[in-house]
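Chemist: the following block contains a protein sequence and its predicted model.
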Amino acid sequence: MITKNEPIKILVIDDDYEIIEFLKIILEPKYFDLFTTISGIDGIFLTEEKEPDLIILDILMPDINGLRVCTKIRRFSNVPILVLSAIGEPEMIAKALDAGADDYLVKPITKNLLLASVNKLTRRARAEQEAIYVKNNT
C-alpha cells in the first residue's frame, strides 16, 4: 500500500541499462525507490514478491515481450503499468493498452513527461488504495 511517509516503490523491467540509469537519475531523488530487472520473467516474479506501487515496462525484452509480461501481471495484480518503449506505432500502443497497461510513452522521453506520467499513475493508485482502506475500516 502506498503511504505518504514511504517512498513509492517502482519496478523497472527493461533490458536497456542506459534507460535504467536514466530512470534512477530522474526518479530516485524524487522520493521513489527503484528496483530493476532486465528479464520479463523475473519482472513477473518480482511483482508478486515486492508488490511495487508502479511498474515501468519495456516492450522489447529478450526472454518474453512486454505485452505478455503485462498480461501475466494483470492476472494477479492491479498495479499501475507504464509502458516505456521505442515502438511508437499506434497499433502497438493499442495492443499494450489492451493488454492492461495504464499508460504508454515513447522513447526517448523528456524528464518532465516521465515525471508527470509517474505522478499521475501513483496518485491514482494512492487514491484507490485509500478508498479501499476507508471502505474496509468503516
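Modeler: Now that the structure is in, tell me what you want to look at. Residues are numbered from 1 along each chain as shown.
Chemist: contact partners for the residue nearest to the spatial centre of the chain?
Modeler: Central residue of the chain (C-alpha atoms, centre = their mean): residue 55, 1.8 Å from the mean position. Applying C-beta atoms under 8 Å, 6 or more residues apart in numbering, we find residue 55 in contact with 10-13, 43, 47, 73, 79-82. From N, CA and C alone the C-beta is placed, and that goes for glycine too.
Chemist: at 6 Å what do you get?
Modeler: Shown in contact with residue 55 (C-beta atoms under 6 Å, 6 or more residues apart in numbering): 11, 79, 81.
Chemist: could I get these as JSON lines with distance to residue 126, secondary structure and pLDDT?
Modeler: Formatted as JSON lines, the contacts of residue 55 follow (distance: C-beta to C-beta, whole Å; DSSP: H, G, I helix; E, B strand; the rest coil; pLDDT from 0 to 100):
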{"residue": "11", "distance to residue 126": "17", "secondary structure": "strand", "pLDDT": "97"}
{"residue": "79", "distance to residue 126": "12", "secondary structure": "coil", "pLDDT": "95"}
{"residue": "81", "distance to residue 126": "16", "secondary structure": "strand", "pLDDT": "98"}
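Chemist: which one of these is nearest to residue 137?
Modeler: residue 79 (22.0 Å; C-beta to C-beta).
Chemist: quick one, phi/psi of the closest one?
Modeler: Main-chain torsions, residue 79, degrees, to the nearest 10: phi -50, psi 140.
Chemist: ok, it to residue 15 distance?
Modeler: 20 Å (C-beta to C-beta, to the nearest Å).
Chemist: the more surrounded of those two?
Modeler: residue 79 (19 against 15; other C-beta atoms under 10 Å).
Chemist: ranges for the helices of this structure?
Modeler: In the chain, helices defined by DSSP state H lie at 17-27, 40-50, 66-74, 90-99, 111-136, listed in chain order.
Chemist: for the last one, the averaged confidence score.
Modeler: Okay, so that is helix 111-136. Computed over helix 111-136, the mean pLDDT rounds to 81.
Chemist: and for the second one?
Modeler: Helix 40-50 carries an average pLDDT of 97.
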